[in-house]
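# pasting the sequence and the predicted model now:
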Amino acid sequence: MTSKQNIDQQVKADNLIVFIFFLHLLSLLGASAVPEGRFLFWLPINLTVEVLIIVRLILLWKRYSKHEPRRYNSIQLYWMLTGLSFFMMMPFVKITFGTFAFLPMLTIAILLFLFSHLWKERIASVFVNPKKKGQLVKWPKALAVIIIIGIVIMTALRFTPAHPNDGLSVFLFLLGGFSIFIATPFSLSGERIEELKQD
């Protein structure tokens, strides 16, 4: 790789940090505002999560961006999707806050993050291993099912006394749960991805 190519990749990596920050900033503002009420209570919580993500990205930038820009870009995508997943799931968790359903929903959210990381190699192999093309086609189908279920729930809740944004919060929770399973394979090293291609 020439020095110019290396510099170009570093610049792209640096620009992506800024993009991730603003994307997450918009997401966390929405997550704090929806559903309405207690914006100032949830905003510091979401900002704290974002600060932790950005600090982590900066530390990884110092470690990887100069010598392993491809690895760093992959990790950036992981944190970008992970942050989006968190902020998409937050509104539905907020709806249940203060009710008997809060702990079960919080537990489900935590378990989704846990299982997605435990299964990250299995998920990655579906995307990179030619022998598993049959399993790959199931992912778009799963996303389509989630979207359909989300639309049905949003429509059904329109005919109930529930708040109009409750359906949107459920829909975002489902998309956030799906997104975290897409995110975790990006945390794997290039060497491990090459090994999974051969498994």
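Structure received. Numbering: from 1, shown residues only.

# please make it C-alpha for all contacts and neighbour counts, starting now.
Will do.

# who's in contact with stretch 182-199?
Among residues not part of stretch 182-199, those counted as contacts by Cα atoms under 8 Å, 6 or more residues apart in numbering are 71, 74-75, 77-79, 81-82, 116-117, 120-121, 123-125, 128-130.

# burial of residue 98, as a residue count?
Per other Cα atoms under 10 Å, the neighbour tally for residue 98 reads 9.

# per-residue pLDDT, it?
We have a pLDDT of 78 for residue 98.

# for the chain, which spans come out with low pLDDT?
In the predicted model of the chain, residues 1-15 satisfy pLDDT under 70.

# which residue is the nearest non-sequential neighbour of residue 179?
In this structure, residue 179 finds its nearest non-sequential neighbour in residue 85, 5.8 Å apart by Cα to Cα, 6 or more residues apart in numbering.

# gap between that neighbour and residue 100?
24 Å (Cα to Cα, to the nearest Å).

# hmm, back to that, show me what contacts the residue nearest to residue 179?
Listed by Cα under 8 Å, 6+ apart, the contact set of residue 85 reads 175-177, 179-180.

# and if we set it to 6 Å?
Applying Cα atoms under 6 Å, 6 or more residues apart in numbering to residue 85 gives the contacts 176, 179-180.

# same check on residue 28?
For residue 28, the contact set (Cα under 6 Å, 6+ apart) comprises 46, 87.

# could you measure from it over to residue 113?
Taken as Cα to Cα, the span from residue 28 to residue 113 is 18 Å.

# quick one, helices of the chain?
Here the chain has its helices, by DSSP state H, at 3-33, 39-64, 69-96, 102-118, 120-128, 133-136, 138-157, 164-183, 190-198.

# report the angle between the fourth one and helix 69-96.
Translated: helix 102-118. 160 degrees (axes from the mean of the first three to the mean of the last three Cα atoms, to 10 degrees).

# chain center to helix 102-118, what's the gap?
13 Å (Cα atoms, centre = their mean, to the nearest Å).

# what's the burial count for residue 127?
Per other Cα under 10 Å, the neighbour tally for residue 127 reads 20.
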